[in-house]
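mind looking at a prediction? Sequence and model below.
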Protein chains: 4
Amino acid sequence: MGELVRFGVAVDEELLEKFDKLTVARGYANRSEALRDLMRDALVQQQWQANEEVVGVVTLLYDHHARSLEAQLTDIQHKYHEQILSTMHIHLDHDNCLEIIAVRGTGRQIEELATKLIGMKGVRHGKLTATSTGRGLR
Amino acid sequence: MGELVRFGVAVDEELLEKFDKLTVARGYANRSEALRDLMRDALVQQQWQANEEVVGVVTLLYDHHARSLEAQLTDIQHKYHEQILSTMHIHLDHDNCLEIIAVRGTGRQIEELATKLIGMKGVRHGKLTATSTGRGLR
Amino acid sequence: MGELVRFGVAVDEELLEKFDKLTVARGYANRSEALRDLMRDALVQQQWQANEEVVGVVTLLYDHHARSLEAQLTDIQHKYHEQILSTMHIHLDHDNCLEIIAVRGTGRQIEELATKLIGMKGVRHGKLTATSTGRGLR
Amino acid sequence: MGELVRFGVAVDEELLEKFDKLTVARGYANRSEALRDLMRDALVQQQWQANEEVVGVVTLLYDHHARSLEAQLTDIQHKYHEQILSTMHIHLDHDNCLEIIAVRGTGRQIEELATKLIGMKGVRHGKLTATSTGRGLR
């Protein structure tokens, strides 16, 4: 773990007051915690833009009755087995499945994989969520 | 399953041509599939805004060394056990954990739960991804 | 103008180092300036969610040959004259117009107005950009 | 103007019904108009990613009392005069100015310009809105 450092920030009184109210409303323990979150969020965005190694989550909603869709989704996942960390599958009701796939790779690899999965015939809704490997985000 | 219906769309030639190139680039089987995806995406957004029953995915990145964080995350999840469908946990490296929580409830309930989890001291990055129960999204 | 206050933030060394690189890459004069920007951005989001008085920009791209579109856009703008601050119009080429409308009101009023304008037949692309009246954002 | 073409889309009955309700709620004249909007929005996103020539709007909120800010903003704008189409300035109150700058260039040029403007000391809030030159978006 890196060392904790402390630095000063100069802010207008009124901005700080409003920001403090917001951090309470969002359930943060304190101002530093809220600021660290904003800093990390800016860094995660930049890591994806710079094509660094990142972690992502692909969320797929589909009807498991769709012909051969499950087999095709599995096929694609095997082609990208080096990027796929784990998959969670939930039966939402008689028809609908939620499949959540944790992935790791460069931003570009993961966007390519997500595009393929989300574009499959029978997938009703799909999203790629960007997060980080956590390195340097303490 | 509902019945398939067919309807006509009038579009300028040039717009259609460009859109067709885009659907190929994104790996869609055909134009209808790409359009259905855009329609569903608009509907999912509207379901969240209207506070209907929805499905979401909370993605958390945290350091499992953070004091009592895991216990607190579990505590919160138990309070919302009616909204939580399932949780997947991945050990990214010696320090970093990826926790992915599938949730179901009204848009507001889920946003409240996500805000609590993401705001916890020790969570390095958090995101809420919005999807749908799949009803009416065929 | 409010008074400037100074407060300390505790951050892991590595996070701070990465954040500093990011602020340089984005052209900020210093770390405080970058942090103030993140704080204000979080506040602007919250003002819109809370339906407070806000400022927005509606961007419309349209073909001025579209029958009666200009007259209809003007009509709508007159109905909302209390919310509309000013309008800028740019002739992009022989066909395409860019119309940029600065608006002020509650989040809900402005979203209603933007939805009407963007949904007009003939508008090729439209966006609502959220900003603030500036009060309390120093 | 290109020719209007008509094509058929196959959609599940229930999806179409829900989508039709949404188009009415959003004030669209008909289903084709709503679908064209979704198609154009997907194209605009892709034009920006592909670094094509695009049109954008930079929205800046700032305090005109900030020392030498106005002069610096003007300086930057002159350096990018080939990209800047027009600027609208609104005096929101005694302190706050809203400046809206219409720009045209490659996605990368415009992002560079926007980053410089938004990062200036004294700018309280800034946003870049992406739209298109309108070519091929009929």
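Received, thanks.

what are the boundaries of the helices in chain A?
With helices called from DSSP state H, chain A shows them at A:13-25, A:31-49, A:69-79, A:107-118.

among these, which comes closest to B:Gln46?
helix A:107-118 (19.3 Å; C-beta to C-beta). C-beta: built from backbone N, CA, C; applies to glycine.

next, the angle from that closest one to helix A:31-49.
Using axes from the mean of the first three to the mean of the last three C-alpha atoms, to 10 degrees, the interaxial angle of helix A:107-118 with respect to helix A:31-49 works out to 80 degrees.

from A:Trp48, how far off is the spatially closest residue to A:Ala50 that is not a sequence neighbour?
Leaving aside its sequence neighbours, A:Ala50 sits nearest to A:Gly107 (C-beta to C-beta, 6 or more residues apart in numbering or on different chains; 7.6 Å). Look at A:Gly107 and A:Trp48: by C-beta to C-beta, to the nearest Å, they are 4 Å apart.

what touches both of the two?
Counting by C-beta atoms under 8 Å, 6 or more residues apart in numbering or on different chains, the contacts common to A:Gly107 and A:Trp48 are A:54, A:130.

who's more crowded, these two?
Counted by other C-beta atoms under 10 Å in any protein chain shown, A:Gly107 and A:Trp48 do not tie: A:Trp48 has more neighbours, with 20 against 17.

what's around the residue nearest to A:His125 when sequence neighbours are not counted, how many residues?
Nearest residue to A:His125, sequence neighbours excluded (C-beta to C-beta, 6+ apart): A:Leu61, at 4.3 Å. When neighbours are counted by other C-beta under 10 Å, A:Leu61 registers 23.

so what's A:Leu61 bridging to?
Note on A:Leu61: beta-bridge partners by DSSP bridges are A:Leu98, A:His125.

looking at it, it is touching A:Leu98, isn't it?
Yes - counting by C-beta atoms under 8 Å, A:Leu61 does reach A:Leu98; the two are 5.8 Å apart.

okay, the residue lying closest to A:Val5 once chain neighbours are set aside and C:Ala25: tell me how far apart.
Nearest non-adjacent residue to A:Val5, counting by C-beta to C-beta, 6+ apart: C:Glu13, 5.1 Å away. Using C-beta to C-beta, we find C:Glu13 at a distance of 19 Å from C:Ala25.

what's the answer for A:Val44, then?
Distance from A:Val44 to C:Ala25, by C-beta to C-beta: 15 Å.

domains for chain A, by residue range?
A:13-49, A:53-131 (automatic domain parsing).

and those domains, which one's lowest on average pLDDT?
Per-stretch mean pLDDT for those is lowest at domain A:13-49 (a mean of 87).

any idea how far it is from the middle of the chain?
18 Å (C-alpha atoms, centre = their mean, to the nearest Å).

repeat that for stretch A:43-56.
10 Å.

need the contact partners of that stretch.
Counting by C-beta under 8 Å, 6+ apart, A:85, A:102-108, A:110, A:114, A:128-134, A:136-137, B:61, B:92, B:98, B:125, C:15, C:18-19, C:22, C:25 sit against stretch A:43-56.

from these, which would you call buried?
A:85, A:102-107, A:110, A:114, A:128-134, A:136-137, B:61, B:92, B:98, B:125, C:15, C:18-19, C:22 (16 or more other C-beta atoms under 10 Å in any protein chain shown).

which bits of chain A sit near chain C?
A:1-19, A:22, A:25, A:31-32, A:35-36, A:38-43, A:46, A:136-138 (C-beta under 8 Å from any C-beta of the partner chain).

same thing but at 6 Å, please
A:2-6, A:8-16, A:18-19, A:22, A:32, A:35-36, A:38-39, A:43, A:46, A:136, A:138 (C-beta under 6 Å from any C-beta of the partner chain).

put the buried members of those residues into a PyMOL selection.
Applying 16+ other C-beta under 10 Å to the residues of chain A next to chain C leaves a buried subset, and the PyMOL line that selects it is:
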select buried, chain A and resi 9+11+12+14+15+16+18+19+22+32+35+36+38+39+43+46+136+138
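
and stretch A:68-78 with chain B, contact?
No - in terms of C-beta under 6 Å from any C-beta, no part of stretch A:68-78 sits within range of chain B; the closest distance is 10.0 Å.

what residues of that stretch count as buried?
A:69-70, A:72-73, A:77.

the residue lying closest to A:Leu4 once chain neighbours are set aside: what's it in contact with?
Excluding its sequence neighbours, the residue lying closest to A:Leu4 (C-beta to C-beta, 6+ apart) is C:Ala10, at 5.4 Å. By C-beta atoms under 6 Å, 6 or more residues apart in numbering or on different chains, C:Ala10 lies in contact with A:4, A:6, A:32.

how about a cut-off of 8 Å?
C:Ala10 neighbours (C-beta under 8 Å, 6+ apart): A:4-6, A:32.

and the residues you listed, which two are furthest apart?
Maximum distance among the contacts of C:Ala10 (C-beta to C-beta): 11.5 Å, for A:Val5 and A:Ser32.

can you list residues touching both of those two?
C:10-11.

wait, A:Tyr62 touches A:Gln72, no?
No - counting by C-beta under 8 Å, A:Tyr62 stays clear of A:Gln72, with 10.5 Å between them.

look up how far chain B lies from the residue nearest to A:Val5.
Distance of C:Glu13 to chain B, given as C-beta to the nearest C-beta, to the nearest Å: 15 Å.

same question for A:Lys18.
A:Lys18 is 17 Å from chain B, by C-beta to the nearest C-beta.

kindly report the same for A:Asp93.
From A:Asp93 to chain B the distance is 7 Å (C-beta to the nearest C-beta).

around that residue, count how many other residues there are.
Neighbour tally, A:Asp93, other C-beta under 10 Å: 9.

what about the spatially closest residue to A:Leu113 that is not a sequence neighbour, neighbour count?
Among residues not flanking A:Leu113 along the chain, A:Tyr80 sits closest, at 4.8 Å (C-beta to C-beta, 6+ apart). The number of residues packed near A:Tyr80 is 18, by other C-beta under 10 Å.

which residues touch A:Tyr80?
Taking C-beta under 8 Å, 6+ apart as the criterion, A:Tyr80 is in contact with A:103, A:109, A:113.

now those residues as CSV including distance to A:Gly56?
Formatted as CSV, the contacts of A:Tyr80 follow (distance: C-beta to C-beta, whole Å):
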residue, distance to A:Gly56
A:Val103, 5
A:Gln109, 10
A:Leu113, 9
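
end to end, how far does stretch A:20-32 reach?
10 Å (C-alpha to C-alpha, to the nearest Å).

over to stretch A:46-57?
Start-to-end span of stretch A:46-57 (C-alpha to C-alpha) is 17 Å.
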